[in-house]
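*Asks:* All I have is the shape, not the residue letters:
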Ligand code: BES
Ligand code: ZN
């Protein structure tokens, strides 16, 4: 079993040695790359003076030579153990360490450090990948100025890139070299290099202070026509960060490179972002609107890191949310500004409430600032990212726009060039607001989703309305006692005509700060019993319980002006009905309540006022959300209840769906702007309902949309509805036609694979196994693995959780196989099995048996071991 030990936040000590400059020289070769590193080092005056020099270096590094101030370190002068190289020689206060290592990029299937993606060299160093390149104090609080020289074959690798600015270059007959210099001190996790046969799109951006920045986006030549959207998104992001945060870009060049083999979405390396092709390439013919929006937000996210992450970085990896939570908040606000703020809020809350809440309730539950970890890669989680973003949002809500901005100004100013902590961030917010945020900081250290119970009382004699809030947080692994949190609760009260009642602050809504286990809030002068709207805008990441009546929810759906709260009221109405049906096994023929149908009819009638929001309002709660709020997850009942209700809504409102579908049709050619995206989204929602009717008329409609549309959004939506319908012959034909049309577009093929992997019809596992043999599949490529395996296990719930246990066995087999190849991806794939406690006892036993089988399969990576051991504890 893994020898990796647990690392604790409380054990943090400052680095014993600092690095002033790093000079790197790479002789790039697919199987034997030689890396020379020269470090100007000095003893840290803040550290205790007797500590030895320790450098991190992965087992895969071959050490060719090691010298200090030009003198070779003798063989008994160093010791390699686990991931550490320890020097036992006496050292001056400053010295130069030279070290040469040999690495094999082609054999690097983990995709950490230096590896080959489709024949081009690239790197991924966050969090601890740099130690797979050379020996180094690979921790984020060691910041140095990097100079990098790349030497490679001219023909094979005509483009040579690294961080910063190119400062020198040269060539001979076969090879060439380029030297890059990055003037900003940075931790090693932000180092990057790229070498390959790449084309690029180019543009310039003039900053607010008038500096011209060269923008380049690199990709394979065949994808050159798919770079325009990322470029526009980049320029918008740069402008937005200047306007909203006063932050300007700092180098003369900003490069993005698209690579096909990538564990994550994208990486913010200084001046040289590396992106998964799925997060940068976009073209209307091949890319859906959802993917267009993903590109925009990922480009923005990585760009925003230049300040929130790079200029001000993390002291240690426990502080990961300092950069990720804050940057997610920033990219969320950017997307909200670019499109509809209410729609964006609904999407973000949906992700949080389904996936993050589920994580908080599972065995890997951890605080936004974890107290310990075995493998940091396991902590790039929804909690660190999404809940972390909610914490920053709450600060924004509590302090207000203006003071929050003063806080971020102070933060960037005070900590520029430093590696700091979430406490430092909050300290800036305290300084500008003159508020004590001690209790608020519990959001960082306390795991689990708080529960907020609300009861109310109206006193008709005294005309007072009283709300009583009670908060509690359930125990999580390693944290049994929970303290009350500082919860910002945004609320409004509506009178029976649908008007918001002015509150004590003279406004129509109020922010109530809940800091105790119990808080009583009284409003005076209320003339009739009001309908409360609570947690407007989802002002805090909590589970709210208030005994709404169905009439109240319908009322809010009609009258609430806060987009999120209005949508949520609609969802809660549907949740009630669905939950009742789930308890009865799901397949219930009872007619839908008339009130519900007429509420939807009104939604349909008004849909064209705001098509993007309408599309969300007209979508039933997802299986994932219904699962999350279940006591015991009954996958079949959830699936059947949702499907049955969808069909009933389709039947009851058939004419309206068709009218709206036609109304949302367009003769114009494709535009990827907000209003057109909204139109297509609503149109496709309508088509989905019509296809739920199993009617050949609507099959013809879908087939027509499939063949006539000029864009992937409409084509793929049509294909999806047919694939998930009863018309299996048509589905097969369309899938084949689609394959034929797009077989050379790898990203489109990912969609094609995922669509089939998610098909809930029986026999899915054998179809999935067949996909793994298909020529468009590639087991080394994380995008393909995610498209097939992850989609099947997370989205095809009825088949993955089949009672023969074969879905579980399949996943365990894949994890055992994949752990040797790519531990990060293997560990992530494990998630659905770790949630075994949420299912019935029969499935629990089957899932546990497979977890046990993985444990017993032999030598596991630290990544998989950590998740497994916590899941079985
Ligand atoms: N810094 C991360 C990329 C990363 C994650 C590197 C984990 C190493 C390990 C990057 O900024 C990021 O957060 N990317 C996200 C997308 C983003 C839009 C939230 C990703 O890759 O999924
Ligand atoms: Zn990030």
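*Replies:* Alright, I've got the coordinates. Computed from a predicted model, the values in this text were never measured in an experiment. Residues are numbered from 1 along each chain as shown. Ligands and ions are numbered 1, 2, ... in the order given.
*Asks:* Where do the helices of the stretch 601-750 of the chain begin and end?
*Replies:* 611-617, 623-628, 635-652, 654-663, 674-691, 696-708, 712-723, 728-742, 746-757 (DSSP state H, counting those that start in this stretch).
*Asks:* Return the list of helices and strands in contact with the fourth one.
*Replies:* So the one you mean is helix 654-663. helix 594-605, helix 674-691 (3 or more Cβ pairs under 8 Å, 6 or more residues apart in numbering; DSSP states H and E). C-beta here means a position set from N, CA and C on the backbone, and glycine is covered the same way.
*Asks:* What is the longest one packed up against?
*Replies:* In this case it means helix 674-691. Using 3+ Cβ pairs under 8 Å, 6+ apart, the elements in contact with helix 674-691 are helix 289-304, helix 611-617, helix 635-652, helix 654-663, helix 696-708, helix 712-723.
*Asks:* please redo it, this time with the cut-off set to 10 Å
*Replies:* Other elements packing on helix 674-691 under the criterion 3 or more Cβ pairs under 10 Å, 6 or more residues apart in numbering; DSSP states H and E are helix 289-304, helix 341-351, helix 594-605, helix 611-617, helix 635-652, helix 654-663, helix 696-708, helix 712-723.
*Asks:* out of those, nearest to ligand 2?
*Replies:* helix 289-304 (5.5 Å; Cβ to the ion).
*Asks:* just checking, next helix/strand downstream of the closest one?
*Replies:* Per DSSP states H and E, helix 289-304 leads on to strand 313-314 as the next helix or strand towards the C-terminus.
*Asks:* That next one pairs with which strands, parallel or anti?
*Replies:* Strand 313-314 pairs in its sheet with strand 419-420 (parallel), by DSSP bridges.
*Asks:* Do me a favour and get the end-to-end distance for stretch 59-70?
*Replies:* Using Cα to Cα, to the nearest Å, the span of stretch 59-70 from its first residue to its last is 25 Å.
*Asks:* So which bits of that stretch are buried?
*Replies:* 60-61, 66, 68 (16 or more other Cβ atoms under 10 Å).
*Asks:* do stretch 359-369 as well
*Replies:* 359-369.
*Asks:* Likewise for stretch 228-239?
*Replies:* In terms of neighbour count (16+ other Cβ under 10 Å), stretch 228-239 has its buried residues at 229-238.
*Asks:* Also stretch 178-187?
*Replies:* 178-182, 184-187.
*Asks:* After the helix or strand that residue 813 is a member of, which helix or strand is next? Please name it.
*Replies:* Using DSSP H and E, residue 813 sits within helix 806-821. Note on helix 806-821: by DSSP H and E, the next helix or strand toward the C-terminus is helix 823-829.
*Asks:* what helices or strands is the helix or strand following that following helix leaning on?
*Replies:* Moving toward the C-terminus from helix 823-829, the next helix or strand (DSSP H and E) is helix 831-834. Secondary-structure packing of helix 831-834 (3+ Cβ pairs under 10 Å, 6+ apart): helix 357-360, helix 791-795, helix 797-800, helix 806-821, helix 841-855, helix 862-872.
*Asks:* who wins for proximity to ligand 2 among these?
*Replies:* helix 357-360 (17.5 Å).
*Asks:* got a list of contacts for that closest one?
*Replies:* With contact meaning Cβ atoms under 10 Å, 6 or more residues apart in numbering, helix 357-360 is reached by 351-352, 365-367, 381-384, 386-387, 447-450, 473-474, 476, 541-543, 624-625, 627-629, 633, 831, 834-835, 838.
*Asks:* Ramachandran angles for residue 451?
*Replies:* Residue 451 adopts backbone torsions of phi -110, psi 140, taken as degrees, to the nearest 10.
*Asks:* which residues does it contact?
*Replies:* The neighbours of residue 451, taking Cβ under 10 Å, 6+ apart as the test, are 470-474, 542-545.
*Asks:* picking that back up, just checking, which of the contacts of helix 357-360 belong to strands?
*Replies:* residue 543 (DSSP state E).
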